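K.L.:
after the sequence you'll find the predicted model.
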Amino acid sequence: MCDPVAGGEFNAWDGYITGRILELNRAKRILQEWKTTEWPEGYPPSILELSFKAKNEGTEITMVHSNVPSHQVDSYRQGWIDYYWNPLKEYFGIKMK
């Protein structure tokens, strides 16, 4: 579920991930506050930034996920690869960096 406007809330994976859209600049940038049910109590949300840039015949996506609890960094890094980037790669049938 996602309310696709600045200030809109979202959740994914049956409520495991929740957050709020801070900025939505069509075809250029998405900025979100983001956390999971595994976040330490009282820890502030992380910041997820997705930037989009037209490149050749496609789009280059840059992702920066900051302020993740230090003991969870490796797990979330691998989660992005396993549950988002690899499925997107397969869906689009393209090589991704």
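P.N.:
Noted; the coordinates are in hand. These numbers were taken from a predicted model, which means no experiment stands behind them.

K.L.:
ok, which stretches of this structure are strands?
P.N.:
Taking DSSP state E to define them, one finds strands in the chain at 9-12, 17-25, 29-36, 46-55, 58-66.

K.L.:
need those strands in TSV with distance to Pro87, mean neighbour count and mean pLDDT, can you?
P.N.:
For every residue, glycine as well, the C-beta is placed using N, CA and C. Formatted as TSV, the strands of the chain follow (distance: least, CB to CB, whole Å; neighbours: other CB atoms under 10 Å; pLDDT from 0 to 100):
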stretch	distance to Pro87	mean neighbour count	mean pLDDT
strand 9-12	13	14	92
strand 17-25	15	16	94
strand 29-36	18	19	94
strand 46-55	16	15	94
strand 58-66	14	12	91
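
K.L.:
quick one, which of the ones you listed gets closest to Ser75.
P.N.:
When the strands of the chain are ranked by distance to Ser75, counting by CB to CB, first place goes to strand 29-36 at 9.9 Å.

K.L.:
who touches the closest one?
P.N.:
When contacts are defined by CB atoms under 8 Å, 6 or more residues apart in numbering, strand 29-36 is touched by residues 10, 16-24, 43, 45-52, 65.

K.L.:
please apply the same query to stretch 63-74.
P.N.:
Counting by CB under 8 Å, 6+ apart, residues outside stretch 63-74 touching it are 34, 38-40, 43-51, 76, 80.

K.L.:
of all those, which two lie farthest apart?
P.N.:
Pairwise distances across the contacts of stretch 63-74 (CB to CB) peak at 28.0 Å, for the pair Pro40 and Ser51.

K.L.:
for Asn56, list the residues it contacts.
P.N.:
Counting by CB under 8 Å, 6+ apart, Asn56 touches no other residue.

K.L.:
next one, pLDDT for it please.
P.N.:
What the model reports as pLDDT for Asn56 is 87.

K.L.:
equivalent analysis for Gly93, please.
P.N.:
For Gly93, the pLDDT comes out at 80.

K.L.:
for Pro87, see how far away it is.
P.N.:
Between Gly93 and Pro87 the computed distance is 12 Å (CB to CB, to the nearest Å).
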